[in-house]
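J.: Curious how this folds, go ahead:
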Amino acid sequence: MSTPDAATLRSADPKVVVGAFGTLSLATITLLTVFTVVEWTAAQTALLTAEVAAVGALFAAALAHLKKGTAKEHVALAATFTASVSATLALGSGFAWWSLTEAQTGALLGIVTAVIGVASGLFARGKVEAPTTARVK
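T.: Numbers count the residues shown, from 1 in each chain. You can find the predicted model right below:
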C-alpha cells in the first residue's frame, strides 16, 4: 500500500475544515481549563466557548455563502454576524477588557446588539425575496 496522496485527503467541502477547527478549539479550551493551565472561571470558559461557536458558525455561513454552486446565505450571514458581535462583547465583559460599570456594560451590550441585529436583518431582507402570504378566503 502506498502513502495516500495529499490531494486525495482534502475535503471538497470547506465547512468540514471549519467544523474540525471548531472541535479542536473546544477540545483545547476544555484541556486548558481542566488541567488548570489557565485561571478562568466557569463563566469565562463558557463565554470563550460561546465565542468559538459563534465565530465558527460565521465562518461556516460565509463559506456556504461564497461556495460556487450553492445558494447565497444572506440570512445565515446576518444571524451569525450578530451572534459573533454579541459573543465578543460578552467575552470582553467577562474577561474585563474594559473598565465600565455594570450598568454601562449592559447598555453597551444592549445597544450594540440591537443596532447590529437590525442592520444585519435589513441587509438580509434586502438580499432575499420573500413571497407574499396567500390570502385566506
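J.: The residue nearest the centre of the chain and I116: what is the separation?
T.: Centroid-nearest residue in the chain: A54, 2.1 Å away (criterion: C-alpha atoms, centre = their mean). A54 sits 12 Å away from I116, going by C-beta to C-beta, to the nearest Å. Just so you know, the C-beta spots here come from the backbone N, C-alpha and C atoms, and that holds for glycine as well.
J.: Need the overlap of contacts for the two.
T.: Common contacts of A54 and I116 (C-beta atoms under 8 Å, 6 or more residues apart in numbering): S86.
J.: Check what contacts the helix or strand hosting V52 and list those residues.
T.: Per DSSP states H and E: V52 is located in helix 42-66. With contacts defined as C-beta under 8 Å, 6+ apart, helix 42-66 is touched by 14-15, 18-19, 21-22, 25-26, 29, 33, 40, 70, 72-74, 76-77, 79-81, 83-84, 86-88, 90-91, 94-95.
J.: which stretches of the chain have low pLDDT?
T.: 1-16, 130, 137 (pLDDT under 70).
J.: now the helices: where do they sit in the chain?
T.: Counting by DSSP state H, residue ranges of the helices within the chain are 6-9, 14-34, 42-66, 74-94, 102-127.
J.: distance between the helix holding V52 and the chain's centre?
T.: Taking the mean C-alpha point of helix 42-66 and that of its whole chain, the gap between them comes to 3 Å (C-alpha atoms, centre = their mean, to the nearest Å).
J.: for stretch 33-51, same thing?
T.: Stretch 33-51 has its average C-alpha position 18 Å from the chain's average C-alpha position, going by C-alpha atoms, centre = their mean.
J.: With stretch 74-92 instead?
T.: 6 Å.
J.: and what of stretch 63-70?
T.: With C-alpha atoms, centre = their mean as the basis, the mean position of stretch 63-70 lies at 17 Å from the chain mean.
J.: Now do it: distance from first to last residue.
T.: One end of stretch 63-70 sits 10 Å from the other (C-alpha to C-alpha, to the nearest Å).
J.: Mind listing what's buried along that stretch?
T.: Buried residues in stretch 63-70, defined by neighbour count with 16 or more other C-beta atoms under 10 Å: 63-64.
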